[in-house]
Each structure stands twice: as C-alpha cells, then as structure tokens.
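1. Whatever this is, show me its structure:
(one chain, ligands or ions: 1)
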Amino acid sequence: MGSVQGKAIIVTGAARGIGAEIARALAGEGAKLCIADVNEDAAKATAKLIGQGAIAVKVDVSKRESVKALIAETVKRFGKLDVMFNNAGISQTVNFMDVTEKDWQRIMDVNGLGVLLGIQEAARQMKAQGTGGKIINTASIAGKQGYPLFAHYCASKFAVVALTQAAARALASDKITVNAFAPGVVRTELWEQLDREFMDLGLTQKPDQAINEFSQSILLGRYSKPEDITGVTSFLASAASDYVTGQTYMVDGGMVLT
Ligand code: NAD
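-> Now for the predicted structure:
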C-alpha cells in the first residue's frame with residue numbers, strides 16, 4: 001500500500017472510538033503516533049495501550065492556541081509532522097425545530113472550526129518543513145445528507161467536506177494533500193450517546209433500537225466497527241494516495257451512494 005514507516009502522525013479525538021483505531025492501525029504499520037484528545041487521561045491510556053512510542057497530548061481542537069501547542073509538542077518529540085488527522089467530533093440528537101443557538105455553536109465549534117484550525121496549523125508546520133504532507137478529515141454520511149434529528153451536526157459535516165475541497169485547492173502547490181473519509185454508522189461511544197438520546201426523546205423504547213433501525217438501509221447488512229474504517233484511513237496516510245486530493249471517501253457499507 002505504500003509505507004507509513006517512520007511518519008509522524010497526529011490523530012485528534014484518538015483517546016477512543018474511530019480515532020483510537022486509526023492510530024492503532026498506523027502504529028502497527030510503523031508510524032509514530034500522537035494521540036491527541038481533550039480527555040487527557042484517556043489519551044494517555046490509549047497511547048500506553050498502543051505502545052510503539054506513541055505519545056499523548058491534550059488538545060481542545062476548537063482553540064487555536066491549543067492546536068498550535070499540540071503541533072509544537074509533536075514536532076518537539078518526533079522532529080516533524082507528516083500527517084494530520086482532524087478526527088475529533090461531537091454529535092447530538094435534537095428535533096430540527098428545537099436546535100438552539102447554543103447547540104449550533106457547540107457542534108460547529110468542535111466539528112467545523114476545529115477542522116479549519118487543524119488544517120491551518122498543520123499546513124503551517126508542513127509549509128515550514130518544506131516537505132509537503134497529508135491532512136485527513138473525518139466527515140460523515142451526515143456530510144452528504146441532511147437528517148432531521150441531526151441538522152446542526154449535518155451542517156458541521158457538510159462544512160468538513162467544503163473545508164477539505166477548499167484546503168486541497170489552497171495547499172496543493174505546497175505538496176500538501178487534503179482528503180476526508182465519511183463513516184456511516186460506527187458502533188462507538190458516540191452512538192451509545194445517540195441511542196440514549198433517542199430514548200430520552202421518546203423516539204425509541206429500548207437500547208440498540210436506534211442504531212439497529214438507522215442501520216437498516218446499509219447495503220452490506222450491518223453497522224460498522226472502527227476496524228472497518230482503517231483500510232481507507234491507512235491508505236490516505238500512505239504514499240499510495242499521493243495522487244489523490246480534495247476527495248471524500250464514503251466508508252459506510254453502502255448507505256450514501258455518490
Ligand atoms: P467518540 O465520541 O467515541 O470519540 C470522540 C473523541 O473526540 C473522544 O475521545 C473525545 O474526548 C474527543 N473530543 C471531543 N471533543 C474534543 C475537542 N474539542 N478536542 C479534542 N478532542 C475532542 O466518537 P467516534 O464515533 O469515534 O467519532 C470520531 C469522529 O467520527 C467524529 O468526528 C464523528 O463525528 C465521526 N463520525 C462518527 C460516526 C459514528 O457512527 N460513530 C459516523 C460518522 C462520523
């Protein structure tokens with residue numbers, strides 16, 4: 001596939017879920033991983049579990065100074081930054097008519113602004129190195145379709161797709177590629193939260209009903225595990241994707257066909 005051996009890679013939101021699995025897979029292929037998360041204790045535990053010299057750094061992706069400090073610390077420890085995964089994200093189930101300004105701001109700050117800041121600050125470092133690099137953003141099926149119970153989340157993920165395209169055009173001359181991947185339904189703590197919120201809103205009656213019902217249209221017949229995503233994420237971090245930029249790869253078992 002093209003090696004990631006020795007590449008210095010940051011994954012945000014990597015303390016658990018999809019980010020942790022992306023990092024684990026890349027460390028297994030010989031990359032140097034920075035596990036970046038707002039939950040520092042969990043990030044440390046994940047870095048320890050991954051081993052292979054992985055480090056943990058606390059970051060709030062919605063704060064520029066925090067993202068700058070994350071990149072500075074990674075470069076201090078690994079000497080460079082080759083690949084940046086802007087993966088941290090949050091979600092919330094709310095009826096379309098009930099989304100408040102506060103809900104909108106909270107989701108957009110992490111999922112939208114967080115990705116903009118991550119791209120800008122990673123690119124600043126890669127430009128300074130003169131090496132080029134790869135930036136990979138976590139979008140979603142919600143970045144391709146509007147769902148009435150996740151309107152603000154969908155808006156934030158459409159923003160991720162837009163930022164991916166704009167940044168690809170802005171950064172190509174510096175040999176920096178920018179791509180995204182779009183998971184569908186992945187069984188992580190994020191979906192455990194959505195499942196609880198569906199019940200709280202009276203939309204479902206029992207645990208797992210929401211995830212099972214939401215997964216019914218998946219062509220491959222099941223929701224995914226974080227391990228289902230890493231073939232594409234490792235490809236995007238590797239030299240095999242050097243001639244790809246500005247793209248969003250659906251990794252959803254066939255939910256949204258583009
Ligand atoms: P998760 O909730 O299991 O993990 C998210 C991680 O991000 C957590 O460790 C959390 O502490 C961290 N985080 C939250 N806010 C942060 C901040 N401001 N700064 C730094 N870290 C922060 O979620 P997941 O399912 O692994 O989701 C990862 C990404 O994948 C998100 O962007 C999510 O929107 C996206 N996604 C998930 C699914 C799914 O079905 N689970 C589907 C499509 C897209």
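2. Could you pull up the mean pLDDT of stretch 88-100?
-> Averaged across stretch 88-100, pLDDT comes to 98.
3. Put the alpha carbons of that stretch into PDB.
-> Output of stretch 88-100 as PDB, limited to C-alpha atoms (Å, rounded to 0.1, in the frame of the first residue of the first chain):
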ATOM      1  CA  ALA A  88     -12.300  14.800  16.900                       C
ATOM      2  CA  GLY A  89     -16.000  15.400  16.700                       C
ATOM      3  CA  ILE A  90     -19.200  15.500  18.800                       C
ATOM      4  CA  SER A  91     -22.800  14.800  18.000                       C
ATOM      5  CA  GLN A  92     -26.300  15.400  19.500                       C
ATOM      6  CA  THR A  93     -29.800  14.200  18.700                       C
ATOM      7  CA  VAL A  94     -32.300  17.100  18.600                       C
ATOM      8  CA  ASN A  95     -35.600  17.600  16.600                       C
ATOM      9  CA  PHE A  96     -35.000  20.000  13.800                       C
ATOM     10  CA  MET A  97     -37.300  22.700  15.300                       C
ATOM     11  CA  ASP A  98     -35.600  22.500  18.700                       C
ATOM     12  CA  VAL A  99     -32.000  23.200  17.700                       C
ATOM     13  CA  THR A 100     -30.800  26.200  19.700                       C
END
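4. near the ligand at all, that stretch?
-> Yes - using CB under 6 Å from any ligand atom, stretch 88-100 reaches the ligand at 88-91. Any C-beta I mention is one placed from the backbone N, CA and C, and that applies to glycine too.
5. Looking at those, state which has the most neighbours.
-> Each of the residues of stretch 88-100 next to the ligand was scored by neighbours using other CB atoms under 10 Å; the highest score is G89's, at 27 neighbours.
6. Would you agree V244 is in contact with T177?
-> Yes - V244 is in contact with T177 according to CB atoms under 8 Å; the separation is 6.5 Å.
7. who has more neighbours, the two?
-> Set side by side, V244 and T177 show more neighbours around T177, with 23 against 15, by other CB under 10 Å.
8. Quick check: which helices or strands does the helix or strand hosting that one pack against?
-> Taking DSSP states H and E as the definition, T177 sits inside strand 176-183. Helices and strands touching strand 176-183, by 3 or more CB pairs under 8 Å, 6 or more residues apart in numbering; DSSP states H and E, are helix 114-129, strand 133-138, helix 151-171, helix 230-237, strand 248-251.
9. cutoff 6 Å now
-> Strand 176-183 sits against strand 133-138, helix 151-171, strand 248-251, with contacts defined as 3 or more CB pairs under 6 Å, 6 or more residues apart in numbering; DSSP states H and E.
10. anything in the longest one near the ligand?
-> No - contact between helix 151-171 and the ligand is absent, the nearest approach being 6.9 Å (criterion: CB under 6 Å from any ligand atom).
11. Residues contacting that helix, please?
-> The set of residues that contact helix 151-171 without belonging to it, under CB atoms under 6 Å, 6 or more residues apart in numbering, is 91, 96, 99, 103-104, 107-108, 111-112, 115-116, 119, 123, 137, 139-140, 142-143, 146-147, 178, 180, 245-246, 248.
12. okay, the angle between it and strand 133-138?
-> In terms of direction (axes from the mean of the first three to the mean of the last three CA atoms, to 10 degrees), helix 151-171 departs from strand 133-138 by 170 degrees.
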